[in-house]
Structures are given as structure tokens and as C-alpha cells.
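*Asks:* The following comprises the amino acid sequence and a computationally predicted model.
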Amino acid sequence: MSSAITRRAAGFISACVSATASLAFAGIAQAQEAAPENGVASASLCADAYVLALVDDDTITALSWQVDQPVSSAPPWSRSRPKAWPDAARILALSPALSVFGSGEGGRTARLLDRAGYRTFELAWADDFDGVRDNLRALAAAVQTDHRVDEVIADLDQRLAALAGRTAARSRAPRIAYLSVSGGSAGDGSYVDAAITAAGGINAVAEQGASGWTRSDPEFALRLDVDIVLTSFFIDGYASTFNRASRHRVYRHLLEHPARADIPAGLWPCAGPRLIDAAEIIADAIDTWERSQ
């Protein structure tokens, strides 16, 4: 009896898969009959930041489904635009001239859109400001806004130079640790590390030999002796059972640190054009700390 049920279940699943595939290919066939000419659609939170930096407002067809979430720093006008999901059927309905995805987020959706004759672009993963510049230039080439990317990168470079000037004027560099809402942190080679360094601080987590994104480690957190604590996503992040740092007593000495700076989540969901804003907030926290010494 169980074998019969298993066969029926397998048949049902096979029929569902076939029906889904048929619908997808039907959508592709219909899309191929109409030329996409409705601007740019961003299908991810990270892509939103790049699109907003380079594309004229009236050329943006849609921003990601996360644009209404606290983790987004998109301007108010953008919230009335259509929303895009990394889903082929929904993007086909928008008929954008270009669909932009975050790093590793295009996948099957991008392949289906490519087959339908729609242009797609996927950001590369970035861990520093050089990676941000590379993504800006690559996306600018895709959306043909080369004139605008020069201004965006020039502004980024001027602001980084200003941070370097502030660093040179300080008496010493503070030791800074980032605490994520999960209890993890960010070591050498992460974009948080890049922001701390640009602001004129020393990443205490990287100093301890950690690289990349670290997991929750209460013992490691207890050993940290820092001048400034950075947090993010505690208030404007996602509710999750992995939000250990907001509940675990071991992290309390970091959360209650007198020199704590909270970075708005929307500034760095990835290493994007607004990573420089996060670095400037860190630099302000360093200046405040130095005045208190």
C-alpha cells in the first residue's frame, strides 16, 4: 500500500514539475514576441543600491521586493514603484530592458530571462572599495551610464581621501570590533573590515587572526578588549532565531559598551556604493571616542 502511495506521490510531483516548466516556457514564448523596453529592474537589495547610484529615477522600472523593509535605505519615492523578485515569471511581467541581480542571485531566473531575449546583469561579490568600483563600472557599461559612473567614483574617492585626512590628524587609531546580531563578527577581508580601515580604525577581530565572516563565539567575544563596538541589523534587521547577540548574556559587555555605534542596515547589506556612508559613521564614532579620552 505504501508503495502505491509513493508511486502516486511521485506521479503528482512529476506532473507539477511538468506544468511549472510548461508555464515558464509559455511565458518565455510570449516574452519573445514583445521587445523589452521598460528600463531597469533590480531584483535584490544589493542590486538596489547600485541601480539607485547609476540609473536615472525615471528609468528604474522596479526595485527589489525588500525595498519596503527596514534593511533598505531606498528613498521614499522608490517605494511606490513595482517590486521585483528573482523569479522569471514576475520579471517577465515587468518587461524590463535590463534585470540586475546581486552576486550569486541570478541563477535559473537569469538563464530563463536570457533565453527569452532579456538582458541580465549579475553583480560580482565585493569585499572592499576596489570591488565597489569594479561593480559600478561593470553595471554602468551594462546600462550605458559611463558619464555618470565617473562622477560616482570621483565622489567615492574624494570621500575616502577626506577620511584619510581625518585619520592622519588623530593621535592614535582605536581598536574596533563589529558584532552581528547573530553573535558573529567580521575579520580581515570582509567589507566591514574595509570600512573600519577606511575610517581610521583597527579591526580588533582581524587583529586576533580572524578572516572573513565569523560565527558566534561567546568565548572569543569575552576576550575582546576594544575601544569602540560596531553593531548593525539589531533594530532594522530581520527577526530570526539566530539573533543570539540580542539575547545572550555573554555579549552584553559589548552591547553595553560606552562607545557603541550602530550602523543602519541599509548602508551595507553588501559592499555597495553606500559602504562609504558606513565608513563615515565609523569615523564620526572615532572622533567622538577620541574627544572623550
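*Replies:* Received, thanks. The model shown is predicted, which means the values in this text are computed figures rather than measured ones.
*Asks:* all strands for the stretch 1-150 of the chain, in order.
*Replies:* Secondary structure of the stretch 1-150 of the chain (DSSP state E, counting those that start in this stretch): strands at 40-42, 60-64, 83-84, 98-101, 119-122.
*Asks:* Adding distance to residue 201 and mean neighbour count, write these out as CSV.
*Replies:* Heads up, the C-betas are built off the backbone N, CA and C, glycines and all. Listed next are the strands of the stretch 1-150 of the chain as CSV, based on distance: least, Cβ to Cβ, whole Å; neighbours: other Cβ atoms under 10 Å:
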stretch, distance to residue 201, mean neighbour count
strand 40-42, 31, 29
strand 60-64, 31, 25
strand 83-84, 36, 22
strand 98-101, 32, 27
strand 119-122, 32, 19
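*Asks:* Among the ones you listed, single out whichever gets nearest to residue 194.
*Replies:* Closest approach to residue 194 among the strands of the stretch 1-150 of the chain is made by strand 119-122 (21.4 Å; Cβ to Cβ).
*Asks:* Name the spans of the protein whose pLDDT lies under the cut-off.
*Replies:* The chain contains residues with pLDDT under 70 at 1-37, 235-248.
*Asks:* domain assignment for it?
*Replies:* Domains of the chain are assigned by automatic domain parsing as 25-148, 169-292.
*Asks:* re the thing from before, can you lay out the strands of the stretch 1-150 of the chain as TSV showing distance to residue 195?
*Replies:* TSV is the format used below for the strands of the stretch 1-150 of the chain (distance: least, Cβ to Cβ, whole Å):
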stretch	distance to residue 195
strand 40-42	23
strand 60-64	23
strand 83-84	28
strand 98-101	23
strand 119-122	24
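*Asks:* Mind putting the domains of the chain into a markdown table with distance to residue 162?
*Replies:* Below are the domains of the chain laid out as a markdown table (distance: least, Cβ to Cβ, whole Å):
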| stretch | distance to residue 162 |
| --- | --- |
| domain 25-148 | 14 |
| domain 169-292 | 9 |
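*Asks:* Of these, which is nearest residue 158?
*Replies:* domain 169-292 (9.8 Å).
*Asks:* gap between the two ends of the closest one?
*Replies:* 16 Å (Cα to Cα, to the nearest Å).
*Asks:* and that domain, how far from the chain's centre?
*Replies:* Distance of domain 169-292 from the chain centroid (Cα atoms, centre = their mean, to the nearest Å) equals 16 Å.
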